[in-house]
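S.K.: Sharing a model that was predicted from the sequence below.
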Amino acid sequence: MFTRPRVYPENIQSGIVLMLAYSLFALIIDAIAKKLVFDVTTNQVIWARFIFHSLALIIFFGPKKYFKLSKTKSIKLQLIRSLLLIATTSFFFTGIYVIGLATAHSIFFLSPILVTVLAIPLLGERVGVRRSIGVLTGCVGALLIIRPGFDDFSLESLYFVAAAITGALYQLATRQLGKSDHAYVTLFYTSALGTIICSSIVWIDWQPIKLIDWILMIALGFSAALGHFFLIKAFQKAPASALTPFSYTSLIWALIFGFWFFNELPDAETMVGSAIIISSGLYIYIRENQKT
């Protein structure tokens, strides 16, 4: 499905700054979504994320230029990537009704590790014994957080496992598109396809929306547009292996936002599991750098 990207001159530092900015905006998006799912339906929250994302781009570019962004060199991959983001968003927003932000992001940290696994069939990469151990160790950390078979196991935690899988595929697609299409083109497909699909199903369980929730929905979509612009530009500036360690800063924001806005504190098992997952991701990152 994907081909190995060609090597281009890359501004690593700019990519890292952009990834740090995206990590902050990712938590702003999730915190707003978590607030909204208690007031409106999950379908409405997902719909708002995409339709106001589209509105933000239309305001920024103007209607004519916005639709001119549909010109792409990789239409199939653009559509696949957009569908993967819709799936990732749907899984995540459905799960955060029950699961805390820090726990949700701890499980979602499997995504960078899964990128290593999925790169084998999709990019033809070879994964040695040590990197394989890193992947398996990360999975152990996830099991410690999810705790299947125990009394405190939450079925909703599986939403974030699914989000990690689709998120990993989404990251691979984003990286690939960064070599062929401008970031604005990718943003167009992200917003347009999401708006079309979500608008077709949001009416199934539509309910009245308060003014404050409309304001939050607009903020959600505009934050999503800006955050994903940072992500796309980050992957254009630097290789995924260089950006991975800095994506883990979102856990810091998850802890701050979860405690400040929702009075959430992750338990000891979640923190240990998070440390294992992050350590595994960093180990894989170090091994990749040693190869280059």
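M.R.: Looks like it arrived, so ask away.

S.K.: Setting the sequence-adjacent residues aside, check what's closest to Tyr189.
M.R.: Gln78 (4.2 Å; CB to CB, 6 or more residues apart in numbering). Any C-beta I mention is one placed from the backbone N, CA and C, and that applies to glycine too.

S.K.: Neighbours of the one you found, how many?
M.R.: Using other CB atoms under 10 Å, Gln78 is surrounded by 23 other residues.

S.K.: quick one: it from Thr186, how far?
M.R.: Distance of Gln78 to Thr186, computed by CB to CB, to the nearest Å: 7 Å.

S.K.: and for stretch 264-273, what are the contacting residues?
M.R.: 100-103, 106, 141-145, 147, 255, 258-259, 274 (CB atoms under 8 Å, 6 or more residues apart in numbering).

S.K.: which one is Leu251 nearest to, not counting chain neighbours?
M.R.: His105 (5.5 Å).

S.K.: Could you measure from the one you found over to Ser274?
M.R.: Taken as CB to CB, the span from His105 to Ser274 is 8 Å.

S.K.: which residues are in contact with both of the two?
M.R.: With CB under 8 Å, 6+ apart, His105 and Ser274 have common neighbours Leu251.

S.K.: In space, what's closest to Glu156 - neighbours in sequence excluded?
M.R.: Val98 (4.3 Å).

S.K.: sorry, back to before: and the average pLDDT for the helix or strand the residue nearest to Leu251 falls within is what?
M.R.: Here His105, judged by DSSP states H and E, is contained in helix 101-108. The average pLDDT for helix 101-108 rounds to 87.

S.K.: Return the distance of Ile145 relative to His105.
M.R.: Ile145 is 10 Å from His105, by CB to CB.

S.K.: re earlier: and for Gln78 and Thr186, which residues touch both?
M.R.: Counting by CB under 8 Å, 6+ apart, the shared contacts of Gln78 and Thr186 are Leu177.

S.K.: quick one: contacts for Ile277?
M.R.: Neighbours of Ile277 in contact, by CB under 8 Å, 6+ apart: 106, 109-110, 113, 138, 141-142, 145.

S.K.: How are the helices of the stretch 151-292 of the chain distributed by residue range?
M.R.: For the stretch 151-292 of the chain, the helices defined by DSSP state H, counting those that start in this stretch cover 157-177, 183-201, 211-237, 240-247, 250-262, 268-291.

S.K.: and stretch 157-165, which residues are buried?
M.R.: 157, 159-165 (16 or more other CB atoms under 10 Å).

S.K.: Correct me if wrong: Ile204 contacts Asn43.
M.R.: Yes. The pair Ile204 / Asn43 is scored as a contact, 6.6 Å apart, by CB atoms under 8 Å.

S.K.: Neighbour count: these two, which is higher?
M.R.: Asn43 (19 against 8).

S.K.: shouldn't the more buried one be in contact with Asp205?
M.R.: Yes. In this structure, Asn43 is within contact of Asp205 by CB under 8 Å, at 5.9 Å.

S.K.: Centre of the chain to stretch 12-21, how far?
M.R.: Distance of stretch 12-21 from the chain centroid (CA atoms, centre = their mean, to the nearest Å) equals 16 Å.

S.K.: So what touches stretch 22-38?
M.R.: Counting by CB under 8 Å, 6+ apart, 44-45, 48-49, 92-93, 96-97, 101, 104-105, 213, 216-217, 219-220, 223-224, 226-228, 230-231, 234, 246-247, 249-250, 253-254, 257, 261-262 sit against stretch 22-38.

S.K.: re the thing from before, for His105 and Ser274, indicate the residue with more neighbours.
M.R.: His105 (29 against 25).
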